[in-house]
Every structure is written in structure tokens, then in C-alpha cells.
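A.B. asks: can you look at this prediction? I've put the sequence above it.
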Amino acid sequence: MFENIGERMNKSLEKIKYETLESGIYDPSHSLHDELFSKGIRDSDSLEFSDPGVDERGLTGGMNFENMITRRMDRDNEMDKALYSTDSRGGSCGRGGLMRYRGMGSSKKQLHFLQTKEKTASHIGKPDGIIALEKILSANYTKPVEITRIDDMLMTRKQVKRIYFAMEDSIYQVWVFKADPKQTAKELAIYEIAFKKGLPTPRPLFGGKFANDYPYDIAILGGIVEHAGDSYDSLLENLRLTPNFVFRTAESIGDLITRTHKVLTESIKDLEERGIVLERASPRKELRERMLPVLKLEDREVEPLIRLSEELYDLQRGKMVVSHGDLHTGNVVTQIADDDQSLVLGTSIKKFGLIDFGSITLDYEQGDFADFWIHHERKARSIIGESYNYAYNNFRRAKEESLNDLVQCTLWHLYEMFDPTRKEKIYEKAAYHIKNFRENMDEISIKIPREYEDHLTKRLNTVLAKTEYRELLKVK
């Protein structure tokens, strides 16, 4: 029965194209158990590649299909109530209202009411790609699964969808992202290593080892995202009246960065054995990928600025660590947590996870701290205003910033001035970062020759003067 599990899984993955996973609500009346029942629950291939035994979370396989399907049919009415009826508090459940959710692997029957967004589409039937994905998830969790909702996730720079699915008496989630043949194989290998080492990261569902390019159009992530709450930016919005709590989230993520550096640096051999080449962080790479496409300049026009940025980077001292390399707030995952005394579920301000390790690099430890902080601070001040008066040295728990801290903060403000993926408020974002860049250069001039600071600032001004963003020269 199970001898062709891998081959069948591959065939199911091949059927799924990212673009066919249309966002919206899917009618649970067309479910996987209906399909199994219509085909005959005694057909050994009904679930295609479900594997018996116990998985790494302790979920038991070896299903009794008759009992399983009977239980699923009995639960349908309850499922409809959970997704499509009005709850006791007057809220519409499922379609634009409140949807029941329980964290994957929870030992208690915890219910969390998750505010869902207005639906973008409604589907009575399910496309082949959705049904194929249901079978893949059913094989992974060794229980029948039916997808109920798909949302686009806009806070990441990748194309990512959040897939909600019903399993037994609860709603769960996985994330699916658009795969890149070269990059995805690398990312899944890093996720697999990091997850096994105990870091709060996604766990690849089917696909952590590929000798060559990743062959499918999508990749599926479980692990930390199974418990994910709203985006980190949304969490900060909800904490807008409590700036001290906003800062506490940053402190918790700072601790996670330290832990991530330690685990990944100790895993260099594992990473190398999986063919992952760790390159040194590069101002040249960052500026060429970010600044040049937006400013539409040739390499030679920006080369003097790049060389001075490299010289600034090389002033740092100390040991390098394996760093995330792209720690904007969209790559921070919030976690649903419960209060053991009150049994209330909510989004934790202490527990977080990290995603998107595609930019993993060798860097000084201050790099990830500076990268995260400037994104966090910009978001916090956009919500709270200038009264959010926490500083980078508070975040780093230091009396003053080291040379490495100053260098990294200065460079990350330079990198973040322009983002080729950004479609709105381009000028406002650039103005924010150029203002902070200049302030950092003033601070760093105490530790480096003043003429060096003058050269770098002048080179940036020369570059901006050639572009449509020359008005940024007036930012004080």
C-alpha cells in the first residue's frame, strides 16, 4: 500500500501551480472525505500516500478509514456552524467574521477567535490543485484535511499564501510560497537544519533534500507557521497605546537573534554538507540589488559610493557569525500562546519565529540587530509617533553603541533608502532613512576620521543629484 508514497507525493506536487491557489473561501461541502467515500473507503490508494507510524510530533498514522470517515461525516454539521453561522456573540463566523482556530499540536482543546478578512472569492467546488494540496497535507498529518480558506500574505517580499484547513475539530494553517528552482532548494535545506536544531522556524513539508534545483512550483511550510498569529506589524498596531510593550517585542526578538546566531554558527558544517555556500555580507551586493534598480543608474555612477561603503564596513572588528541577512519585520512570525490559568489564547509578545533564510550570510553579529531595529523603529514611530523614544542602545542593552553597531546602523539606513519591490511611499521611506543615515554619520565621525564621513555623505549626495530623487538632498 505504501511502497510508492514518494512517487505519488511528487505527482501531486507537480499538479499544483502557485497561481491556481486562488485566495478566498472554499466550500467545505466538497471535501476530501467526500472524495474518499465516493471512491470507496476500502480502496488502499484512497489517500494515495498516507504513511503509517508516528511522525516527529507524535501524531499516529495507520488510520482506520471506516471510523475516520464516519467521524468526519458526523463533524460536518459542526464544521459548517464553525465556519458559516452566527456565533453566540452576534458575529458572523467564517465569511468575513470570526473563525475558530487552534494551534497545531496543542495538548488542550483551545479555541481562539481569529478575525478573518473580507472574502475575495467564494468557491463551491475545488480546483484540482486545491484537492492535490489537501492530499499532500493529509499525508503529512496522517488525517483527512480539507482546505477552507486561502489568503495572500502581503507583509513578505515573496509570493506567499496562508492556507487554512480543517482537520478533526479545529482549523489549522500552513504557508505556501512561490518556488524558485535555485533559491528554494537552499532555503528548504536551511529550514530543515534550523528546525531540527530547535530554532522557531518553518518546517518543510515534503522537500528538505534536493541534489539539484527544486523541481516544483510551490513549497509548503509547517512548523512555526502552524501556530502563527497576525503579522508582526499588526501586532505593533494593536499595541499602539502601550509603547513599552512594543519595545518588549523588540527585546524578545533581540534574544531570538542571539540564539539564531549561535545555533546557525554551530551548524556551519551541516550547512556546507548540504551545499550551502556562506558568503560574507557585502555592501556592494546590497546597494546594487536595492539602490541601482530604483535610481536607474549605471554601475560606474555609483561605484565611488559603493567603494566608500565597503571601506566603512571593513572598519569593523570581531568574529563573524552566520546571520539571517534580511531581518525586516515581515520575516518575523508572531505566535499564538495561551494563558494556562485563564485558558485565554492570544498573540504572544515574547514568543516569535523567523522565516525566509534565503539571504543567509556571514556577518558581524551587529548586522542582524541593526537591520531588524531600523525596520522596527520605523514601523513603531509610524504608529506611535516621535514619542516612541526607545533607542538602539536600549535595544542592545548597552550604555553606548560600539563602532560595529554604528557602522551597521549607518549602512543599513543606506541600504534601506530604496527598495525595488516597494510600490508606494517611496519618497517618504527614502527621506526617513537618509535623515537617519546623516545622523548616524555624525555619530560615527567621533570614532573615524571626519574627512571620511564627509566623503561618504558627498558621494551619496552626488548620486542623488543625478536622479528624480534629488529633492532628498533637502532633507534635514
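C.D. replies: Arrived safely, thanks for sending.

A.B. asks: tell me which helix or strand the nearest residue to residue 284 once chain neighbours are set aside sits in.
C.D. replies: Distances taken as CB to CB, 6 or more residues apart in numbering place residue 306 nearest to residue 284, at 5.2 Å, with adjacent residues excluded. Placement of C-beta: from N, CA and C, glycine included. Using DSSP states H and E, residue 306 falls within helix 299-313.

A.B. asks: gap between residue 290 and residue 418?
C.D. replies: According to CB to CB, to the nearest Å, residue 290 and residue 418 sit 6 Å apart.

A.B. asks: domain parsing for the protein?
C.D. replies: The record's domain parsing of the chain by automatic domain parsing lists 5-178, 233-474.

A.B. asks: right, and these - which one's nearest residue 188?
C.D. replies: Across the domains of the chain, residue 188 has its closest neighbour in domain 233-474 (9.6 Å, CB to CB).

A.B. asks: got the end-to-end distance for stretch 383-403?
C.D. replies: Taking CA to CA, to the nearest Å, the first and last residues of stretch 383-403 lie 30 Å apart.

A.B. asks: show residues contacting it.
C.D. replies: 236-237, 240, 243, 246-247, 250-251, 254, 315-317, 366, 369-370, 373, 377, 380-381, 405, 409, 443-444, 447-448 (CB atoms under 8 Å, 6 or more residues apart in numbering).

A.B. asks: in PyMOL, select just the buried ones from those residues.
C.D. replies: Applying 16 or more other CB atoms under 10 Å to the contacts of stretch 383-403, the buried members can be selected in PyMOL as follows:
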select buried, resi 236+243+246+247+250+251+254+316+366+369+370+373+377+380+405+409+444+448
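
A.B. asks: in helices, which of the contacts of stretch 383-403 fall?
C.D. replies: Under the assignment DSSP state H, those contribute 236-237, 243, 246-247, 250-251, 254, 366, 369-370, 373, 377, 380-381, 405, 409, 443-444 to helices.

A.B. asks: for residue 172, see how far away residue 333 is.
C.D. replies: From residue 333 to residue 172 the distance is 15 Å (CB to CB).

A.B. asks: which parts of the host helix or strand of residue 346 are buried?
C.D. replies: Element membership of residue 346, judged by DSSP H and E, is strand 345-354. Under the neighbour-count criterion of 16+ other CB under 10 Å, strand 345-354 has 345, 347, 348, 349, 351, 352, 353, 354 buried.

A.B. asks: starting at the chain centroid, how far to it?
C.D. replies: Computed by CA atoms, centre = their mean, to the nearest Å, the chain-centroid distance of strand 345-354 equals 14 Å.

A.B. asks: hmm, who's touching the helix or strand that that strand is followed by?
C.D. replies: Using DSSP H and E, the helix or strand that directly follows strand 345-354 along the chain is strand 361-364. The contact list for strand 361-364, computed with CB under 8 Å, 6+ apart, reads 278-281, 316, 318-323, 325, 404, 408.

A.B. asks: ok, now with 7 Å
C.D. replies: Strand 361-364 has contacts (CB atoms under 7 Å, 6 or more residues apart in numbering) with 278-281, 316, 318, 320-323, 325, 404, 408.

A.B. asks: looking at the residues you listed, which is nearest residue 179?
C.D. replies: residue 325 (19.6 Å).

A.B. asks: thought the closest one was touching residue 354?
C.D. replies: No. Between residue 325 and residue 354 there is no contact under CB atoms under 7 Å: 11.0 Å.

A.B. asks: excluding covalently adjacent residues, which one is nearest to residue 180?
C.D. replies: Using CB to CB, 6+ apart, the closest residue to residue 180 is residue 214 (7.3 Å).

A.B. asks: oops, could you answer that again for residue 17 instead?
C.D. replies: residue 217 (4.9 Å).

A.B. asks: then residue 168?
C.D. replies: That would be residue 143: by CB to CB, 6+ apart, it lies 6.3 Å from residue 168.

A.B. asks: what is the neighbour count of residue 267?
C.D. replies: For residue 267, the neighbour count with other CB atoms under 10 Å is 20.

A.B. asks: quick one: residues contacting the residue nearest to residue 370 when sequence neighbours are not counted.
C.D. replies: Excluding the flanking residues, the one nearest residue 370 by CB to CB, 6+ apart is residue 408, at 3.7 Å. By CB under 7 Å, 6+ apart, the contact set of residue 408 is 364, 366, 367, 370.

A.B. asks: pLDDT value on residue 408, please?
C.D. replies: pLDDT for residue 408: 97.

A.B. asks: what about it, distance to residue 196?
C.D. replies: Distance, residue 408 to residue 196, by CB to CB: 30 Å.

A.B. asks: swap in residue 391?
C.D. replies: Residue 391 is 37 Å from residue 196, by CB to CB.

A.B. asks: which of the two has more neighbours?
C.D. replies: residue 196 (14 against 10).

A.B. asks: distance of the more buried one from residue 352?
C.D. replies: 19 Å.

A.B. asks: start and end of stretch 205-224, how far apart?
C.D. replies: First-to-last residue span, stretch 205-224, CA to CA: 12 Å.

A.B. asks: contacts for it next, please.
C.D. replies: 9, 13-14, 16-18, 136, 140, 174-179, 181-182, 184-185, 188-189, 192, 195, 200-204, 333, 353.

A.B. asks: please indicate which of those residues are buried?
C.D. replies: Buried among the contacts of stretch 205-224 (16+ other CB under 10 Å): 9, 13, 16, 18, 136, 140, 174-179, 184-185, 188-189, 192, 195, 200-204, 333, 353.

A.B. asks: tell me where the stretch 251-400 of the chain is predicted with low confidence.
C.D. replies: Counting by pLDDT under 70, the ranges of the stretch 251-400 of the chain that qualify are 338-345.

A.B. asks: do the same with the stretch 101-250 of the chain
C.D. replies: Across the stretch 101-250 of the chain (using pLDDT under 70), the flagged ranges come out as 101-125, 155-156, 207-211.

A.B. asks: mind listing the strands in it by residue range?
C.D. replies: Under the criterion DSSP state E, counting those that start in this stretch, the stretch 101-250 of the chain contains strands at 112-115, 122-123, 146-153, 160-167, 170-178, 202-204, 218-223, 228-231.
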